[in-house]
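Undergrad: Sequence plus the predicted model coming up.
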Amino acid sequence: MTDGPREVILRDAAIAALRRGDAAVARATLNEMADPPAMLLAQACNRTGDLDGEAAALRRILNEAPRDLPALLAMGQNALRRGDERAASTWCRTALAQATLTGAPPPLAPMLQQAQSIVAQASARFEDHMAAAIRDLPALPRITQATDLLLGKSALFLQQPSMFYFPGLPQRAFYERTDFDWVAPIEAMTEAIVTELATVRADDPDFAPYVQTSQDRPAPNNPLRDDPSWGAYYFWQGGAPVADHAARCPAVMAALAHAPMPVIAGRSPMALWSLLRPGTHIQPHHGLLNTRLICHLPLLAPEGCALRVGAQTRPWQRGEMLIFDDSIEHEAWNKGTETRVVLLFEVWRPEIDPHEREALTRLFQAIDLFGPGGVDTGG
């Protein structure tokens, strides 16, 4: 149904009044209409200081179109003028999310910038408020992590193994070296292993690509496929020792004997030197399983190298084990000028008891007997 001639005249008169800054006349003119345009009425109420009238007019719009961008932005400003910063930030967050999803016309750019400022200021004040509530407590890592999630300073990363998920395990990105009594004996052998590494690399400084194309399976979707920038020198592969490598590196094999590595025919143990050239980035990915932890003993750990697991990022320090759950999204990079090398191997998750380990061993062996398993390109 179209507006009649009188309604059109009144609407145009209200628009003209708003343009010349006469909000009171605009409001009076709109009040003569049977059904005044809601956004025009909201603008007139805003300029006459009638916050209740403006909010009512905006709610008319949002009842029909809950994600109307101009109305969302105006509601944010309305709440701020009322002194309700929390409501203002909620309206503004919704408006900014909608603008990201659908785009926004250029005339709304100033209001979007104001919305960003409202959200940033409210977030900063909320963070200060929350910090004050626990300021006198000792450092509590889980409380810090929970607060960071609440404040949007950290994302939530969970186990998402690409092949096999074992339920009920803690969602923990890193384990500490001191959690395991077998770590110290391995770390004590770091220099002997570094000497073996230097001897091997004297003949050939690079290794075979960590991720290789198999003729029997689809090519892995990995930008470092067949690229020696991410190299591997195996000591255990597919559950069997690599005889010539093992013979050249007795210190490596003696160190690995301390670790509770899974023994699964055709699959585990798995242990290697993992090499990362300068400028190389291992993209975010998930490992095959959440029944294991990946261990890195850093041998060459130059500046500019780091590992991110979930929301935590740690650099490698020579001789100090990093232990992590590779079923959580992780990535690694070498932004330095020298090559990084770690001794990489897997161990059972400590929360999995011996009976479950036996059952899992049988399951994994059955999977591999049934047909080709997934290509393990994690680590």
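TA: Cool, the structure landed.
Undergrad: Show me the domain layout of the chain.
TA: 5-130, 174-370 (automatic domain parsing).
Undergrad: Comparing the ones you listed, which yields the minimum mean pLDDT?
TA: Of all the domains of the chain, the minimum mean pLDDT falls on domain 5-130 (a mean of 91).
Undergrad: gap between the two ends of that one?
TA: With Cα to Cα, to the nearest Å as the measure, domain 5-130 spans 57 Å from end to end.
Undergrad: Would you pull up how far the longest helix seen in the chain lies from the middle of the chain?
TA: Secondary structure of the chain per DSSP state H: the longest helix is helix 109-133. A distance of 22 Å separates the centroid of the chain from that of helix 109-133, by Cα atoms, centre = their mean, to the nearest Å.
Undergrad: after it comes which helix or strand?
TA: Next in sequence after helix 109-133, counting helices and strands by DSSP states H and E, comes helix 141-150.
Undergrad: Can you point out the buried residues in that next one?
TA: For helix 141-150, burial by neighbour count (16 or more other Cβ atoms under 10 Å) applies to 145, 147. Where C-beta positions appear, they are placed from N, C-alpha and C, glycine not excepted.
Undergrad: Could you do stretch 340-358 as well?
TA: So, applying 16+ other Cβ under 10 Å, buried residues of stretch 340-358: 340, 341, 342, 343, 344, 345, 346, 347, 348, 349, 352, 357.
Undergrad: ok, now how distant is the third one from residue 298?
TA: Per Cβ to Cβ, to the nearest Å, residue 342 is found 5 Å from residue 298.
Undergrad: Now list whatever residues contact both of the two.
TA: When contacts are counted by Cβ atoms under 8 Å, 6 or more residues apart in numbering, residue 342 and residue 298 are jointly contacted by 316, 322.
Undergrad: Out of the domains of the chain, the one nearest residue 136 is which?
TA: Among the domains of the chain, the nearest to residue 136 by Cβ to Cβ is domain 5-130 (13.5 Å).
Undergrad: so how far is that closest one off the chain centroid?
TA: 34 Å.
Undergrad: Of the buried residues of stretch 340-358, which is the nearest to residue 267?
TA: residue 346 (9.9 Å).
Undergrad: contacting residues for that closest one?
TA: 261, 262, 268, 269, 270, 271, 292, 293, 294, 295.
Undergrad: now these as JSON lines including neighbour count and distance to residue 236?
TA: Shown next, in JSON lines, are those (neighbours: other Cβ atoms under 10 Å; distance: Cβ to Cβ, whole Å):
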{"residue": "261", "neighbour count": "20", "distance to residue 236": "8"}
{"residue": "262", "neighbour count": "21", "distance to residue 236": "10"}
{"residue": "268", "neighbour count": "23", "distance to residue 236": "8"}
{"residue": "269", "neighbour count": "20", "distance to residue 236": "4"}
{"residue": "270", "neighbour count": "21", "distance to residue 236": "6"}
{"residue": "271", "neighbour count": "24", "distance to residue 236": "4"}
{"residue": "292", "neighbour count": "25", "distance to residue 236": "13"}
{"residue": "293", "neighbour count": "22", "distance to residue 236": "16"}
{"residue": "294", "neighbour count": "23", "distance to residue 236": "14"}
{"residue": "295", "neighbour count": "26", "distance to residue 236": "13"}
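Undergrad: Take those and keep only those in strands.
TA: Among the contacts of residue 346, DSSP state E puts 271, 292, 293, 294, 295 in strands.
Undergrad: can you tell me which two in these are farthest apart?
TA: Across the ones in strands among the contacts of residue 346, the longest distance by Cβ to Cβ is 13.3 Å; it joins 271 and 293.
Undergrad: What residues of stretch 158-170 count as buried?
TA: Buried residues in stretch 158-170, defined by neighbour count with 16+ other Cβ under 10 Å: 159, 161, 162, 163, 164, 166, 169.
Undergrad: Likewise for stretch 178-189?
TA: Within stretch 178-189, the residues that count as buried by 16+ other Cβ under 10 Å are 180, 183, 186, 187, 189.
Undergrad: Just list the residues touching the first one, thanks.
TA: For residue 180, the contact set (Cβ under 8 Å, 6+ apart) comprises 323, 350.
Undergrad: rerun that using 10 Å as the cut-off
TA: Residue 180 makes contact with 186, 258, 259, 260, 293, 295, 321, 323, 347, 350 under the criterion Cβ atoms under 10 Å, 6 or more residues apart in numbering.
Undergrad: likewise the third one?
TA: With contacts defined as Cβ under 10 Å, 6+ apart, residue 186 is in contact with 177, 180, 193, 252, 254-259, 295, 297, 319, 321, 343, 345.
Undergrad: With residue 147 instead?
TA: Counted by Cβ under 10 Å, 6+ apart, residue 147 has contacts 127, 130, 131, 133, 134, 140, 153, 154.
Undergrad: Now compare those residues and name the two farthest from each other.
TA: 133 and 154 (18.2 Å).
Undergrad: In terms of neighbours, single out the busier of the two.
TA: A count of neighbours by other Cβ atoms under 10 Å puts residue 154 above the other of residue 133 and residue 154, at 16 against 9.
Undergrad: Let's verify that one: helix, strand, or coil?
TA: Taking DSSP: H, G, I helix; E, B strand; the rest coil as the rule, one finds residue 154 in the coil state.
Undergrad: That one and residue 68, how far apart?
TA: Distance of residue 154 to residue 68, given as Cβ to Cβ: 32 Å.
Undergrad: okay, and the common contacts of residue 271 and residue 293?
TA: In contact with both residue 271 and residue 293: 345, 346, using Cβ under 10 Å, 6+ apart.
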